[in-house]
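# the sequence isn't on hand, but the structure is:
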């Protein structure tokens with residue numbers, strides 16, 4: 001194998017490795033963004049549930065005359 005051919009193959013291997021690393025990094029970023037979005041969605045859902053539960057508790061207090 002000639003020196004130029006060896007250098008070309010080495011360069012191509014380096015290019016492929018760089019592209020694979022960039023793809024992996026991009027996928028990891030997307031996964032992190034999806035996880036953050038899911039976390040925020042769950043927190044919002046939890047807040048809504050707590051608010052509804054508080055409203056139901058107050059409605060029960062009103063209905064039973066237990067409100068001070």
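All right, it came through fine. Because the structure is a prediction, the values reported are computed rather than measured. Residues are numbered from 1 along each chain as shown.
# only C-alpha atoms from now on, for both contacts and neighbour counts.
Will do.
# the residue nearest to the spatial centre of the chain: which element?
Residue closest to the average C-alpha location in the chain (CA atoms, centre = their mean): residue 35, at 1.8 Å. Applying DSSP states H and E as the criterion places residue 35 in helix 3-64.
# how much space between residue 13 and residue 27?
With the distance defined as CA to CA, to the nearest Å, residue 13 ends up 21 Å from residue 27.
# quick check: mean pLDDT of the helix holding residue 35?
For helix 3-64, the mean per-residue pLDDT is 95.
# what's near enough to touch residue 32?
Counting by CA atoms under 8 Å, 6 or more residues apart in numbering, residue 32 touches no other residue.
# ugh, typo on my part, it should be residue 30
The neighbourhood of residue 30, defined by CA under 8 Å, 6+ apart, contains no residues.
# next one: it from residue 19, what distance?
For residue 30, the distance to residue 19 equals 16 Å [CA to CA].
# and for residue 25?
When distance is defined by CA to CA, residue 25 is 10 Å away from residue 19.
# and for residue 7?
Noted for residue 7: a distance of 18 Å to residue 19, by CA to CA.
# residue 11 now?
In terms of CA to CA, residue 11 sits 12 Å off from residue 19.
# can you check residue 64 too?
Residue 64 sits 67 Å away from residue 19, going by CA to CA.
# burial count for residue 59?
As a burial measure, residue 59 scores 13 neighbours (other CA atoms under 10 Å).
# for it, what are its contacts?
For residue 59, no contacting residues are found, by CA under 8 Å, 6+ apart.
# distance of it from residue 20?
58 Å.
# and residue 14, by the same measure?
Plainly put, residue 14 is 10 Å away from residue 20 if you go by CA to CA.
# then residue 35?
Taking CA to CA as the measure, residue 35 falls 22 Å from residue 20.
# for residue 32, same thing?
Using CA to CA, one obtains 18 Å as the distance from residue 32 to residue 20.
# again, but for residue 42
Look at residue 42 and residue 20: by CA to CA, they are 33 Å apart.
# before we move on, what about residue 50?
With distances defined as CA to CA, the gap from residue 50 to residue 20 amounts to 45 Å.
# let's verify residue 66: helix, strand, or coil?
Under the three-state scheme (DSSP: H, G, I helix; E, B strand; the rest coil), residue 66 adopts coil.
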